[in-house]
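[1] Make a model of this:
(one chain, ligands or ions: 1)
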Amino acid sequence: MANSKHIVVFSGAGMSAESGISTFRDNGGLWDKYDVTEVATPEAWRKNPALVLQFYNERRKQVLEAQPNDGHKALVSLEKQFKVSVITQNVDDLHERAGSSNVIHLHGEIRKARSTYDPSLIYNLKSWELNLGDRCEQGSQLRPHIVWFGEMVPEMARAQDITYTADILITIGTSLNVYPAAGLINHVQRGTKIYVVDPNDVPVHGIPDLVHLKEKAGIALPRLVEQLLAAE
Ligand code: APR
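    Below is the predicted model of the structure:
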């Protein structure tokens, strides 16, 4: 596919909603149930690591029980005719399990843990639990391999460079609330076609060349992918 077009997919929690994984800011979402400052910040980890580990254990259990939905699967079939880069804010591995071959996680990966001594020591978790006393090879406590609020987003520059080379950008299931990730949509070149898939309103006013498909991912993506494959 030497001269095939490059599609960049930018996904958020809504991408996995139909797989049964809670979003953050919908009614009943995670931030309705938990205080983000108590479970998803470095201060929370210092203050009460057991609560932080419990929060991610519960979410990891949900991820292990979930399956990719029709939206994840539709994105995989795009790879037949396009170069596809998936940039996700999600920490689940449903894009990979559906078969997407090129996935960047801006906010980390819930099925991985890393050393609190040396962040380059990263481990695949075998089960849903990561507990106090689980240590790296250097003997230090393992933490979730997640980017917490206030922490750097190491993959951000790479994600911006990739987005700049998009011929088409498809943004799915994100409220575009959290920066720097949400700023990605501004890194496309002028004239790049942008599709936004979200059943609710999202703050994309005034962005040119944008089509808002006001539908769930599992409904809108198979249709959009069919349309894009036919147009090639
Ligand atoms: N299909 C598509 N979109 C959906 C669906 C669905 N079935 N269900 C909900 N949505 C949309 C909602 O309308 C909302 O716009 O998904 C979006 C979910 O928004 P958030 O819960 O804010 O999730 P996200 O944008 O990914 O949050 C960004 O915030 O808490 C941090 O690090 C966390 O990565 C997360 C970041």
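[2] List of residues touching the helix or strand containing residue 57?
    Using DSSP states H and E, residue 57 maps to helix 49-65. Residues outside helix 49-65 that contact it (Cβ atoms under 8 Å, 6 or more residues apart in numbering) are 20-22, 30, 34, 38-40, 44-45, 91-94, 110-111, 125, 128-132, 141, 143-144, 146. Every C-beta, even on glycine, is put in place using the N, C-alpha and C of the backbone.
[3] go again using 7 Å as the cut-off
    20-21, 34, 38-39, 44-45, 92, 110-111, 128-132, 144, 146 (Cβ atoms under 7 Å, 6 or more residues apart in numbering).
[4] and for whatever helix or strand residue 170 lives in, what are the contacting residues?
    Assigned by DSSP H and E, residue 170 belongs to strand 168-172. Applying Cβ under 7 Å, 6+ apart, the external contacts of strand 168-172 come out as 5, 7-12, 14-15, 71, 163, 185, 188, 192-197, 217.
[5] What residues does this protein have near the ligand?
    The chain comes close to the ligand at residues 12-14, 17-18, 23-26, 29, 89, 107, 172-175, 177-178, 197-200, 202, 216-217, as judged by Cβ under 6 Å from any ligand atom.
[6] buried ones in stretch 122-129?
    Buried residues in stretch 122-129, counted by 16 or more other Cβ atoms under 10 Å: 123, 125, 128.
[7] Restricted to strands, list those.
    Per DSSP state E, strands hold the following members of these: residue 123.
[8] Pipe the buried residues of stretch 122-129 into JSON lines and attach pLDDT per row.
    Putting these into JSON lines (pLDDT from 0 to 100) gives the following:
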{"residue": "123", "pLDDT": "98"}
{"residue": "125", "pLDDT": "98"}
{"residue": "128", "pLDDT": "97"}
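[9] Throw the buried residues of stretch 122-129 into TSV and include distance to residue 153, thanks.
    Below are these laid out as TSV (distance: Cβ to Cβ, whole Å):
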residue	distance to residue 153
123	21
125	22
128	25
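[10] on that earlier part again, give me the next element, helix or strand, following the strand holding residue 170.
    Downstream of strand 168-172 (by DSSP H and E), the next one is strand 193-197.
[11] The helix or strand that that next one is followed by pairs with which strands, parallel or anti?
    As assigned by DSSP H and E, the chain's next helix or strand after strand 193-197 is strand 210-213. Take DSSP bridges as the rule and strand 210-213 pairs in its sheet with strand 193-197 (parallel).
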